[in-house]
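Peer 1: Prediction below, plus the sequence it came from.
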Amino acid sequence: MTLLSVWFLYSTVEAEVIVDEPLSFGTFAIINNSSVSTISISTNDRASRTRDIQILYIGQAARLRLVNYPPFTRLFISPVLPQQSTVFVGTTEQFTLSQVDMPDSIITDSLGEASLRVGGTLETSGNGGSYIDTTYNLTLMLTINY
C-alpha cells in the first residue's frame, strides 16, 4: 500500500508539498476479514497490527517537504479523513485510511520550508469479503492553513 500523492486545499501563495518518500504500509496478509483489523506505521517507522493481519515486510512513514510558504510561519495541517483505497485491476474489498500520525502544526524556516514525517492506520472492511493480491492506492488530502 503506497500513499502516492498529497493535495492541499488552501493556499494564498504558490506553496507546494513535495513527497520525498511516500507512506507505505509494506506487505501484509489478511488472515480473516470477518472483523475489522488494522495496520499502522508510526512516524518513526514502527509497525503495529490488530487482529487478523500478518505483517510480511514493514513499510515506512512518508517524508514530506512543504516549500514556498512565508518564512517563520506556523502552518496548521489537518488530514481529510477517512479516505478509501482504490485498485486498478480486479474487484476487491477496499481499505480505509482512518487515522494519520503527524503534527497538527509546524513552523517554516527562514526559506519558508518545513519537513515532516507522516504515518497512518489502515482498516480492513471487516465484512468477510476477499482482498486480491495487488497494490492498493490512497490519496491523502491535507488542509494547510496559516
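Peer 2: That came through fine.

Peer 1: Going by C-alpha atoms from here, please, whenever you check contacts or count neighbours.
Peer 2: OK.

Peer 1: what bits of the protein have low per-residue confidence?
Peer 2: 1-13 (pLDDT under 70).

Peer 1: and with 90 instead?
Peer 2: For the chain, the stretches flagged by pLDDT under 90 are 1-14, 88-91, 134-135, 139-140.

Peer 1: Tell me which residue of it is furthest from the middle?
Peer 2: Outermost residue of the chain with respect to the C-alpha centroid, by C-alpha atoms, centre = their mean, is Ser110; its distance is 27.6 Å.

Peer 1: so it touches Phe72, yeah?
Peer 2: Yes: assessed by C-alpha atoms under 8 Å, Ser110 is found in contact with Phe72 at 5.9 Å.

Peer 1: re the thing from before, need the three-state assignment for the residue farthest from the centre of the chain.
Peer 2: coil (DSSP: H, G, I helix; E, B strand; the rest coil).

Peer 1: how about the nearest residue to it, chain neighbours excluded?
Peer 2: Pro71 (4.8 Å; C-alpha to C-alpha, 6 or more residues apart in numbering).

Peer 1: ranges for the helices of this protein?
Peer 2: Here the chain has no helices by DSSP state H.

Peer 1: those strands in it, which residues are they?
Peer 2: Applying DSSP state E to the chain gives strands spanning 2-8, 16-21, 27-30, 38-41, 47-49, 53-57, 62-67, 74-80, 83-84, 96-101, 105-107, 114-123, 137-145.

Peer 1: Identify whichever of those strands lies nearest to Gly90.
Peer 2: Closest of the strands of the chain to Gly90 is strand 137-145, at 13.5 Å (criterion: C-alpha to C-alpha).

Peer 1: Please find the angle between the direction vectors of the closest one and strand 16-21.
Peer 2: Put simply, strand 137-145 runs at 140 degrees to strand 16-21, going by axes from the mean of the first three to the mean of the last three C-alpha atoms, to 10 degrees.
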